[in-house]
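Chemist: Got a predicted structure plus its sequence, pasted below:
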Amino acid sequence: MNLSLADAFGKFGAKPYNRLRGLSAVAADGAVVLNCSPALFGHPSKGVLRYEDKLSREAVGSRDTDLLAQHLALARDGALPIRMVITAPVSEKRDGGRCHIRADLIGKVVEFDGDHFIVDFIRLNEKDEGAGRRRK
């Protein structure tokens with residue numbers, strides 16, 4: 001489903017600071033919603049979708065970049081879950097929107113040094129199954 005950026009964030013109960021170019025927001029449930037570019041995903045291991053980027057790739061000193069840095073630090077320090085919004089390049093815009101969400105994936109900040117960051121996403125059911133196995 002193609003959504004506007006604001007609508008995609010809204011699916012997770014969040015509102016980006018900039019409704020056209022927002023990079024992140026904190027949802028009502030405390031999760032951090034991250035605006036992701038499809039080109040920056042990788043698969044480091046089975047069942048893991050990795051998103052890797054640098055804040056310095058964005059406009060330095062912009063409100064959106066500053067908020068993203070704050071949100072990544074909050075997520076890292078508080079072990080907050082990350083929710084994914086994927087924004088297609090402007091050239092791929094269709095049906096009035098260019099974003100979609102992956103509600104079936106939940107991420108965790110595995111590295112953030114103030115610039116470079118890595119978020120690993122796994123399927124919700126795999127996380128739940130893994131938690132169940134540990135309790136046995």
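Modeler: Yep, it's here.

Chemist: Going along the chain, name the helices of the protein.
Modeler: Counting by DSSP state H, the chain has helices at residues 5-10, 63-78, 124-135.

Chemist: who does the longest one touch, helix- and strand-wise?
Modeler: Helix 63-78 makes packing contacts with strand 24-26, strand 32-36, strand 99-112 when contacts are defined by 3 or more CB pairs under 8 Å, 6 or more residues apart in numbering; DSSP states H and E. In this view, the C-beta of every residue, glycine as well, is placed from N, C-alpha and C.

Chemist: Please state the mean pLDDT value computed over the first one.
Modeler: Yep, that's strand 24-26 we're talking about. The pLDDT scores in strand 24-26 average 97.

Chemist: circling back to that earlier point, can you add distance to Pro16 and mean neighbour count and give the helices and strands packed on helix 63-78 back as JSON lines?
Modeler: Compiled in JSON lines, the helices and strands packed on helix 63-78 are given as follows (distance: least, CB to CB, whole Å; neighbours: other CB atoms under 10 Å):
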{"stretch": "strand 24-26", "distance to Pro16": "5", "mean neighbour count": "23"}
{"stretch": "strand 32-36", "distance to Pro16": "7", "mean neighbour count": "24"}
{"stretch": "strand 99-112", "distance to Pro16": "11", "mean neighbour count": "17"}
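
Chemist: With Arg83 as the reference, name the closest of those strands.
Modeler: strand 32-36 (4.8 Å; CB to CB).

Chemist: got a list of contacts for the closest one?
Modeler: The contact list for strand 32-36 (CB atoms under 8 Å, 6 or more residues apart in numbering) reads 5, 9, 12, 14, 16, 22-27, 51, 68, 71-72, 74-75, 80-87, 99, 107, 119.

Chemist: what about dumping the CA coordinates of that strand to PDB?
Modeler: Presented in PDB, the C-alpha positions along strand 32-36 are these (Å, rounded to 0.1, in the frame of the first residue of the first chain):
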ATOM      1  CA  VAL A  32      10.900   4.800  17.500                       C
ATOM      2  CA  VAL A  33       9.600   5.000  13.900                       C
ATOM      3  CA  LEU A  34      12.400   5.200  11.300                       C
ATOM      4  CA  ASN A  35      12.100   6.500   7.700                       C
ATOM      5  CA  CYS A  36      14.300   4.000   5.700                       C
END
